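> Sharing a model prediction with you, sequence too.
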Amino acid sequence: MSTTYNWLISALDTAPSEGALSDVVKTVHWRFRANNGTHDAEVYGTVSLEGPTSESFTAFNSLTKTQVESWLESKLNKEELMSSLDMQLERLANPPIVSKSVPWV
């Protein structure tokens, strides 16, 4: 089975007002998850955004998941995140260290 990746946006920190604009997104709290059918892996973080211009501004209630994901992908290296998740999945499937009970019990 192939690995699937997806963004989860858990919160958006906003400035109540910035000039004439309201509810301006300043920080995106995100998780990026992978699932290979057997195991799940995840990385998470935050991304700070520059203030928008009045031409590029989208009202908070009109934001879409796709739009916020595009902001993340413009700031983060998605390929590196995917590679990190792939390594986590590999370690889950083939752990480099395995804990065993002592043999004399």
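The structure has been received and is ready for your questions. Numbers count the residues shown, from 1 in each chain.
> got the contact list for the helix ranked longest in the chain?
In the chain, with assignment by DSSP state H, the single longest helix is helix 78-93. Outside helix 78-93, the residues that touch it by C-beta atoms under 8 Å, 6 or more residues apart in numbering are 3, 5, 32-34, 36, 38-39, 41-43. Just so you know, the C-beta spots here come from the backbone N, C-alpha and C atoms, and that holds for glycine as well.
> any idea how far L89 lies from N77?
According to C-beta to C-beta, to the nearest Å, L89 and N77 sit 18 Å apart.
> meant to ask about G51, not that
Applying C-beta to C-beta, the value for G51 to N77 is 23 Å.
> neighbour-wise, which of these two wins?
Set G51 next to N77 and count neighbours by other C-beta atoms under 10 Å: G51 wins out with 13 against 10.
> Beta-bridge partners for the closest residue to that one other than its chain neighbours, please?
Nearest residue to G51 in three dimensions, chain neighbours excluded: E18, at 5.7 Å (C-beta to C-beta, 6 or more residues apart in numbering). The partner list for E18 in beta bridges (DSSP bridges) reads L21.
> thinking again about what came up before, list the buried residues of the longest helix of the chain.
Neighbour-count burial for helix 78-93, counted by 16 or more other C-beta atoms under 10 Å, picks out 81, 85, 88-89.
> The residue nearest to G51: how many residues sit nearby?
E18: 14 surrounding residues under other C-beta under 10 Å.
> isn't it right up against T53?
No. Contact status for E18 versus T53: not in contact, 10.9 Å apart, counting by C-beta atoms under 8 Å.
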